[in-house]
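S.K.: Task: produce atomic coordinates for the following.
(one chain, ligands or ions: 2)
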Amino acid sequence: MLLVKVAILSLLHLHQVTVNDVDITPARLKPKLTFSGAIRVRAANNFQRTYHGNLEITAKNNELQLILTTTEEALVAATVSAESPSRALPAALEAQAILARSWIRASRGRHGHYDLCDTTHCQHFKEPTKRGIDAAKATESLLLTWQGKPFAPAYSASCGGRTKTAAAIGWRDDNRYPYYEVNCPICQRDEPQWSRHPSPDQMREIRQNPNKEAIRLKLGRESGWSALPSNNYEIKGDEIVGHGHGHGLGYCQRGGAGLAQLGKTAAEILHHYFPGTDIVSSR
Ligand SMILES: [Zn+2]
Ligand SMILES: [Zn+2]
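M.R.: Ligands and ions are numbered 1, 2, ... in the order given. The predicted structure follows:
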């Protein structure tokens, strides 16, 4: 069983945490504490969650660092639980599970002495739900591969009707899966349009920079990810109108959920959004 090391709660910059009813501060660590099994973590702002695995707590620059060692399958279930629309059917959840496993496998060692973090930099996790656990089990050990290797497949909430190539949003890497433009029948049918009224400064930037993905990321970092929901937009007077949410590369979660409702399997859904890839067992 593959183990993965994840830095948890790193975004909170913790100086105090309660684990299995033990109060922990940097001063009380000598030099580390470890917990295993079902681990109840409580932190500021009423955060409370139970993790499963091994937790090692150390301090760095007077900040607590929590590294959870858990199984890849538990992480897949936690990712599916965090990333799936609440009413998604099993086929869509299974597609997301294969994507999550591939992403985790291809991203090992991303942070050096641990593999991943639990922020948007790497992957957001939730306490696994039964549906997430079922999807992980149903797809156990399956990976999405390209040219014989697992890769970190990109996905977004909704594609706006047609997915993008990596080159179209400025990702250039000849060794990486190139992504393709794929029609998304679900988003083409009925995806709602969004509109925004940016500030005059932001509007000037939007008009001057033809790289819509770069603008989406810049505005997102400055004023939140709803500032410009996607890179699929047009300027209409002092208004921006567009379709889709996210970068529009690879898997479309909205489309995957819709295709599952039309009776498609997880494999059919993934092959639709990732032409040229294979689904293989890593056992
Ligand atoms: Zn990270
Ligand atoms: Zn779509």
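
S.K.: Do you have the helices of the stretch 51-200 of the chain handy? List them.
M.R.: With DSSP state H, counting those that start in this stretch applied, the stretch 51-200 of the chain shows helices at 72-83, 90-106, 130-138, 185-190, 200-208, listed in chain order.

S.K.: Turn those into TSV, including mean neighbour count, mean pLDDT and distance to Thr277.
M.R.: Bear in mind the C-beta positions are built from the backbone N, C-alpha and C, glycine included. Formatted as TSV, the entries for those read as follows, by neighbours: other Cβ atoms under 10 Å; pLDDT from 0 to 100; distance: least, Cβ to Cβ, whole Å:
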stretch	mean neighbour count	mean pLDDT	distance to Thr277
helix 72-83	24	93	18
helix 90-106	26	96	9
helix 130-138	19	96	19
helix 185-190	15	93	19
helix 200-208	13	91	34
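
S.K.: Turn those into TSV, including distance to ligand 1.
M.R.: As requested, these are exported to TSV (distance: least, Cβ to the ion, whole Å):
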stretch	distance to ligand 1
helix 72-83	13
helix 90-106	12
helix 130-138	21
helix 185-190	29
helix 200-208	27
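
S.K.: want to throw these into a markdown table with distance to Asn232?
M.R.: Rendered in a markdown table, the data for the helices of the stretch 51-200 of the chain read as follows (distance: least, Cβ to Cβ, whole Å):
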| stretch | distance to Asn232 |
| --- | --- |
| helix 72-83 | 21 |
| helix 90-106 | 21 |
| helix 130-138 | 28 |
| helix 185-190 | 10 |
| helix 200-208 | 13 |
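
S.K.: do you know which of the ones you listed lies nearest Ala44?
M.R.: Ala44 sits nearest to helix 72-83 of all the helices of the stretch 51-200 of the chain, at 20.8 Å, using Cβ to Cβ.

S.K.: by contact count, what packs against that closest one?
M.R.: Helices and strands touching helix 72-83, as assessed by 3 or more Cβ pairs under 8 Å, 6 or more residues apart in numbering; DSSP states H and E, comprise strand 3-8, helix 90-106, helix 130-138.

S.K.: Of the ones you listed, which is nearest Pro210?
M.R.: Each of these was scored for nearness to Pro210 using Cβ to Cβ, and the closest is helix 90-106 (29.8 Å).

S.K.: what's the offset of the closest one from the middle of its chain?
M.R.: Its chain's C-alpha centre and that of helix 90-106 lie 10 Å apart, by Cα atoms, centre = their mean, to the nearest Å.

S.K.: and what of stretch 35-43?
M.R.: Taking the mean C-alpha point of stretch 35-43 and that of its whole chain, the gap between them comes to 23 Å (Cα atoms, centre = their mean).

S.K.: Kindly report the same for stretch 224-241.
M.R.: Relative to where its chain is centred, stretch 224-241 has its mean C-alpha point 22 Å off (Cα atoms, centre = their mean).

S.K.: mind putting the helices and strands packed on helix 72-83 in TSV, distance to Arg204 included?
M.R.: Compiled in TSV, these are given as follows (distance: least, Cβ to Cβ, whole Å):
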stretch	distance to Arg204
strand 3-8	38
helix 90-106	36
helix 130-138	44
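
S.K.: between the ones you listed, which gets nearest to Phe151?
M.R.: Using Cβ to Cβ as the criterion, the shortest distance between Phe151 and the helices and strands packed on helix 72-83 is 5.2 Å, found for helix 90-106.

S.K.: what about the closest one and ligand 2, any contact?
M.R.: No: counting by Cβ under 5 Å from the ion, no contacts exist between helix 90-106 and ligand 2, the nearest distance being 12.1 Å.

S.K.: Kindly spell out which helices and strands sit in contact with that helix.
M.R.: Under the contact definition 3+ Cβ pairs under 8 Å, 6+ apart, helix 90-106 sits against helix 72-83, helix 130-138, strand 142-146, strand 149-150, strand 251-252, helix 253-261, helix 266-273.

S.K.: Could you save the ones you listed as TSV and add columns showing distance to ligand 2?
M.R.: As requested, the helices and strands packed on helix 90-106 are arranged in TSV below (distance: least, Cβ to the ion, whole Å):
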stretch	distance to ligand 2
helix 72-83	15
helix 130-138	20
strand 142-146	18
strand 149-150	23
strand 251-252	3
helix 253-261	3
helix 266-273	8
